[in-house]
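J.: below are the sequence and a predicted model; questions follow.
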Amino acid sequence: MAPRGVTQDPTAGSTAVVLSSGNAVAYSLSDDGVITLQSSAAADPSLVEASEATAIADATSSAAAQALAIAEAVVAGSAEAVSEAAEDAADEAADAAEHTEDVGVELQLAVAVASAFDDPDMDAGKASEELSAASAAREEAEDVVAAAEDAAAEALAAAEALVAAATAEDALPGAVESAQAAMVVVQEAAVASAAAEAELVALEAVEAAATAVATAMTDPDFDAVEAAAGVADARAEYSEATEVQAEAVAASTAAARLAIVVTNAVNLPQAASANAEAAEEALAEAEEAFEKVDVTDAEELAVAAEALANAEVTAETAAEVAESYADADAYVETLQEQAEAAVETAAAAAATADAATAVAEGADPAVDSARVVVFNPSSGGVTTEGGKLLIEETFTDTGGMKIEIPVEEGAYSEAADEHADALEEAEEALADSREATVEAQMAQLAAAAVDADDETVTAAEEAQAAADDAVAAYLEALAEAQEAETARLAAAATVEVSADGTQQTVKDANGFTATAITSDTGVLITLDVEPLTAALENLRVGALQEVVAVDGTPLVVRRTDSDDLLRYYNPDGSEATSANGESYAVSDLAALSLTFD
């Protein structure tokens, strides 16, 4: 599916991409940093079917092309055609890589020019000065490279002379050591020369950028707008070049693979014949060795007999394979039949893919499959599909992240709504209680006045009673909100990650929990008994697992090969028993322990 249109609204901070299928992907960023991603094709069945059919068509088409190439090469008796095609594809890939590198350089220059126009301190004079400095640095680097190359050449010449002297018949004592020391100097000189060359390349790039900037700065018709447009054009060209290169590399890889397969197919009859001859020779040697065995030596006789039997089987198999390829006409006919069948399969797959693609492209965007991701940097995010909640993320009070995944979407949504309503009621009750408390305090102040009458005192008592009732109502609403939150969490699997990422707590759909704490030395994973039992049941026979008992004792668990029982050992390898002298059981364990190497 290719993009059919792109729409951007800078004022709204949104971008929408319409695909050839008619489905759309939208992105928006609000003023307060809320990011919204929406795709109308997240689960469109017709698109999935079209994608799968296209993949099958591509695979069968490649198989058909390979079968045809093999048949044609075997008929011709040579794989030269596919080998030449592979070489051509490799050349095209190399050309594409070179072009991409050149375009990349142009992009770097365009970015340098645009950056210069964004610099308020940059002008033609400063650009000229920077160019002069860059040119001087490049010239100095060229001198350094020349000197390094001369030094490397001199070191190599001296080393060659010393090596020749060390390998002569009349070599003097210590000549070998001198030659070895000279070779070390050669290596050091080569490293220095390579470093100087790399520095020169970097400075040449700096000079090229400075040249581009100076040229642009002295052009009266060139401005920041032109510079920005140049970057956009260069970036588009670079993107296109990288795509072309990727396609060329893929084509080259496929061509090289095809050449190998075809060459093997062409050489297969000859290789099978050679293998049969080699197997016959090996059989003859095994027969000769068997005849020379001391029949009174049972062990030697058994070894020779086994070797002879293996040689006979190998020779028989190799002969059958060689015979199957001996008839060249039959071999060619078989390959041609395979190619024809592959072509028919590919044609059928292509027709299926075309039909599936037509259905997908003619379908309206599937509203029911729309996937929406909304992320608020201040609170968290939610992911929905077709209006159904998939994931809810919230920040914790300590800066971590809690992720909730509904076990049953309907039950979770209902519990979440009830929790939201309960929270709202609790907040309203809190506001009412605060207001009632303030009124009670004001009434008590009035009642405490010297001139307060009975009516004022009674009003104060009533206000205090109302405040007490309001506080009680708030506490009741808060308890209901907590119960609603518990119900909401029970309807979802949750993952809570600490702010520094060193602690993760997971609750699955069955209510089982696990906590992983990461330190510099390893990870400690605390599990409920049921999931801990399941984890240890997955141990391979003979595998070891570090664990920690409920009482804090470090242990090592091993599953034996003699039965399905777990064995418990102390870290020193001795058998481990609990404080009461009995063997440990999974119920005595608290955590798995993973130690970093």
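T.: Received, thanks.

J.: care to break this protein down by domain?
T.: 1-44+364-386, 408-490, 512-595 (automatic domain parsing).

J.: mean neighbour count, mean pLDDT and distance to residue 250 added to these, as a markdown table?
T.: (Glycine included, C-beta is placed from N, CA and C.) Shown next, in a markdown table, are the domains of the chain (neighbours: other C-beta atoms under 10 Å; pLDDT from 0 to 100; distance: least, C-beta to C-beta, whole Å):
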| stretch | mean neighbour count | mean pLDDT | distance to residue 250 |
| --- | --- | --- | --- |
| domain 1-44+364-386 | 15 | 66 | 18 |
| domain 408-490 | 16 | 83 | 41 |
| domain 512-595 | 14 | 86 | 39 |
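
J.: any idea of the mean pLDDT for stretch 106-120?
T.: When pLDDT is averaged along stretch 106-120, the result is 90.

J.: buried sites along it?
T.: 106, 107, 108, 109, 110, 111, 112, 113, 114, 116, 117 (16 or more other C-beta atoms under 10 Å).

J.: could you do stretch 260-274 as well?
T.: Judged by neighbour count (16+ other C-beta under 10 Å), stretch 260-274 contains these buried residues: 261, 262, 263, 265, 266, 268, 269, 272, 273.

J.: what about the residue nearest to the first one when sequence neighbours are not counted, helix or strand, and which?
T.: In space, residue 261 comes closest to residue 66 once its chain neighbours are excluded; the distance is 6.2 Å by C-beta to C-beta, 6 or more residues apart in numbering. If you go by DSSP states H and E, residue 66 is part of helix 45-76.

J.: so what does that helix touch, helix or strand wise?
T.: Packing partners of helix 45-76 (3 or more C-beta pairs under 8 Å, 6 or more residues apart in numbering; DSSP states H and E): helix 80-118, helix 224-291, helix 328-362.

J.: again, 6 Å this time
T.: Judged by 3 or more C-beta pairs under 6 Å, 6 or more residues apart in numbering; DSSP states H and E, the packing partners of helix 45-76 are helix 224-291, helix 328-362.

J.: residue 463: which of those is closest?
T.: Nearest to residue 463 among the helices and strands packed on helix 45-76 is helix 224-291; the distance by C-beta to C-beta comes to 68.9 Å.

J.: so after that closest one, what's the next helix or strand?
T.: By DSSP H and E, the next helix or strand past helix 224-291 is helix 298-326.

J.: so how far is residue 457 from the most far-flung residue of the chain relative to its centre?
T.: Using C-alpha atoms, centre = their mean, the residue of the chain lying farthest from its centre is residue 451. It sits 80.1 Å away. Distance, residue 451 to residue 457, by C-beta to C-beta, to the nearest Å: 12 Å.

J.: ditto for residue 296
T.: On the measure of C-beta to C-beta, residue 296 and residue 457 end up 126 Å apart.

J.: cool, residue 100 as well?
T.: Distance, residue 100 to residue 457, by C-beta to C-beta: 91 Å.

J.: what do you get for residue 221?
T.: Taking C-beta to C-beta as the measure, residue 221 falls 91 Å from residue 457.
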